[in-house]
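Q: I'd like to go over a predicted model; first the sequence, then the structure.
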Amino acid sequence: MIKIVADNKIPFLEGALESVAKVEYLPGTEITRSHLLAADALITRTRTKCNRELLEGTSIRFIATATIGYDHIDTDYCREKGIEWTNAPGCNSSSVEQYIVSTLLWLAMQRSLDLKVLCLGVIGVGNVGRKVASAARALGMRVLLNDPPRERAEGNAEFVSLEELKEQSDIITLHVPLNKGGLDNTDHLVNREFLAQLKNGAILINSSRGTVVDEAALLEGIRSGKLSDVILDVFENEPAVDRKLLEALTLATPHIAGYSLDGKANGTTMSVQAISRFFKLGLDNWSPVGMPVPEISEILTDASESDLPELLWDIYAQTYDVSSDDQRLKNAPESFEILRGEYPFRREPVAYAVRLFQGYPEIRKILEGLGFDVLSDQCM
């Protein structure tokens, strides 16, 4: 029987593999080389740095990270040592979409913005960026897309240059991987030069990787008024957060954009299935059972009582209110890791149904575009 070491914060994992493997659960930040000396596989998240220091001399043959990102894995070292690895691409893409939509609707309410007259620039149009773009279009926004690797592969019909995107976008959201150097470098992609080319009063959202943004340049951009609002879910030196920057941010959250229960379940599913395929464990079709449902899964609303932005926010905030995570982090920035590890229950819109009263087709179409099941559209 193989031995697996697993991060103890990966939801739905406990009990999944015990019938075919010996599994040891540990906090991700506390997994050391000694734990892996006799282990065959490691299931992890981003807080475990899978490098030479951790892996040298161990018997690890396979690493599964239940996350989209994999910059915590030294892929060159793994290739050198013949260690196979896998990530979970797209597992939490709908969760990040939910985070961005909540942010956009919150900004619309707090800043009296008409999203229908604004342009959203999406940098990085992979699993997450595509869904964010689709949701923004459902909200009536004009959307510009920038993704050089996809543009080279697919042609430029769908994409614009970074320069054009910066010049025209009122809001920019980042969904890129962390690439250090090379043709598609994203390390400090957002720097002083980048910010100087934006519209005055632009809004920036980063839920990709912390070092995609030069935080010193960002703080200057906020203080100068070049940026009207900045929303960060990721930080250069997390879990340590620059307190001066934190105070200047419109919204700040502790790297939880992808932390919906649905996204976590997807990541766990992909990891278990990958481990099963590699070691031929017979769990290739495994999936979690007993996903918790929201306490109130049917949202009732009278569409005649509010204007559209207020109505959409009232509905969406019942699935996720991004400002609640902002308050938790700003109240206790030293608790960054605790806030992540003890993140509250969050289901995506797919787990909810909206029953509209006095509704009209426009609202129904928007809600369906955001992932809700709209049960009816009738008079009270």
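A: Received it, and whenever you're ready, just let me know what you need. Numbering: from 1, shown residues only.

Q: For stretch 6-16, buried residues please.
A: A6, D7, K9, I10, P11, F12, L13, A16 (16 or more other Cβ atoms under 10 Å). Where you see a C-beta, it was placed from the backbone N, CA and C, and this is true even at glycine.

Q: Not counting its neighbours along the chain, what's nearest the third one?
A: On the basis of Cβ to Cβ, 6 or more residues apart in numbering, the spatially nearest residue to K9 that is not a chain neighbour turns out to be G341, at 5.5 Å.

Q: N8 is in contact with the one you found, correct?
A: No - using Cβ atoms under 8 Å, G341 is not in contact with N8; the gap is 9.4 Å.

Q: related to what we said a few turns ago, which of the buried residues of stretch 6-16 sit farthest apart?
A: K9 and A16 (14.6 Å; Cβ to Cβ).

Q: mean confidence score for stretch 301-309?
A: The average pLDDT for stretch 301-309 rounds to 80.

Q: Can you give me the first-to-last residue distance of it?
A: This stretch, stretch 301-309, spans 14 Å end to end (Cα to Cα, to the nearest Å).

Q: for stretch 230-240, same thing?
A: End residues of stretch 230-240 are separated by 18 Å (Cα to Cα).

Q: Ok, stretch 286-298 next?
A: Where stretch 286-298 begins and where it ends lie 29 Å apart, using Cα to Cα.

Q: Stretch 330-341 too?
A: The first-to-last residue distance of stretch 330-341 comes to 17 Å (Cα to Cα).

Q: For the residue nearest to D262 when sequence neighbours are not counted, give me phi and psi.
A: In this structure, D262 finds its nearest non-sequential neighbour in E348, 4.7 Å apart by Cβ to Cβ, 6+ apart. Backbone geometry at E348, expressed as degrees, to the nearest 10, gives phi -80, psi 170.

Q: was I right about E348 contacting S94?
A: Yes - taking contacts as Cβ under 8 Å, E348 lies within contact range of S94: 5.3 Å.

Q: Overlap of the contact sets of those two?
A: Contact criterion Cβ atoms under 8 Å, 6 or more residues apart in numbering; residues shared by E348 and S94: S260, D262, G263, G371.

Q: Can you show me the strands along the protein?
A: 2-7, 21-26, 41-44, 62-65, 84-86, 119-123, 142-146, 171-174, 202-206, 227-232, 251-252, 298-302, 353-357, 373-378 (DSSP state E).

Q: Now tell me which of those the model trusts least on average.
A: Looking at these, the bottom one is strand 373-378 with a mean of 76.

Q: still on that earlier bit, okay, the residue nearest to D262: pLDDT?
A: 98.

Q: So, low pLDDT: which residues of this protein?
A: Applying pLDDT under 70 to the chain picks out residues 305, 359, 376-380.

Q: Try it again at 50.
A: 379-380 (pLDDT under 50).

Q: What is the burial count for the nearest residue to E337 once chain neighbours are set aside?
A: Closest residue to E337 apart from its sequence neighbours, by Cβ to Cβ, 6+ apart: P239 at 4.8 Å. Neighbour count for P239, taken as other Cβ atoms under 10 Å: 17.

Q: Test my guess that P239 contacts F336.
A: Yes - the pair P239 / F336 is scored as a contact, 3.7 Å apart, by Cβ under 8 Å.

Q: list residues touching both of these two?
A: Shared contacts of P239 and F336, counting by Cβ under 8 Å, 6+ apart, come down to P254.

Q: residue contacts, T32?
A: Per Cβ under 8 Å, 6+ apart, neighbours of T32: L54.

Q: how much space between it and V272?
A: 24 Å (Cβ to Cβ, to the nearest Å).

Q: doesn't L139 make contact with D114?
A: No - taking contacts as Cβ under 8 Å, D114 lies outside contact range of L139: 10.5 Å.

Q: okay, those two: which has more neighbours?
A: Comparing D114 with L139 by other Cβ under 10 Å, the one with more neighbours is L139, at 21 against 11.

Q: R130 versus the residue nearest to that one when sequence neighbours are not counted, what's the distance?
A: Among residues not flanking L139 along the chain, L115 sits closest, at 5.0 Å (Cβ to Cβ, 6+ apart). Separation of L115 from R130 (Cβ to Cβ) stands at 19 Å.

Q: List the contacts of S207.
A: With Cβ under 8 Å, 6+ apart, S207 has these contacts: V96, Y99, I100, T173, L174, H175, D233, V234, A257, G258.

Q: With just CA atoms, put stretch 194-207 into CSV.
A: Extracted C-alpha coordinates of stretch 194-207, given in CSV (Å, rounded to 0.1, in the frame of the first residue of the first chain):
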residue,chain,number,x,y,z
PHE,A,194,2.0,50.2,-17.1
LEU,A,195,0.2,52.5,-14.7
ALA,A,196,1.2,55.7,-16.5
GLN,A,197,-0.5,54.4,-19.6
LEU,A,198,-3.9,53.9,-18.0
LYS,A,199,-6.9,56.2,-18.1
ASN,A,200,-6.9,58.7,-15.2
GLY,A,201,-9.1,57.2,-12.5
ALA,A,202,-8.9,53.6,-13.7
ILE,A,203,-9.8,50.7,-11.4
LEU,A,204,-7.4,47.8,-11.0
ILE,A,205,-8.3,44.3,-9.7
ASN,A,206,-5.7,41.6,-9.1
SER,A,207,-6.7,38.0,-8.2
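
Q: For that stretch, buried residues please.
A: F194, L195, L198, K199, A202, I203, L204, I205, N206, S207.

Q: ok now do the second one, which residues does it touch?
A: By Cβ under 8 Å, 6+ apart, the contact set of L195 is A217, L218, E220, G221, K226, L227.

Q: Out of those residues, who's the most crowded?
A: Most surrounded of the contacts of L195: other Cβ under 10 Å gives L218, at 26 neighbours.

Q: Just send the buried residues of stretch 6-16 back as JSON lines, with distance to C50 too.
A: What follows is these, written out as JSON lines (distance: Cβ to Cβ, whole Å):
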{"residue": "A6", "distance to C50": "13"}
{"residue": "D7", "distance to C50": "11"}
{"residue": "K9", "distance to C50": "16"}
{"residue": "I10", "distance to C50": "15"}
{"residue": "P11", "distance to C50": "20"}
{"residue": "F12", "distance to C50": "22"}
{"residue": "L13", "distance to C50": "17"}
{"residue": "A16", "distance to C50": "21"}
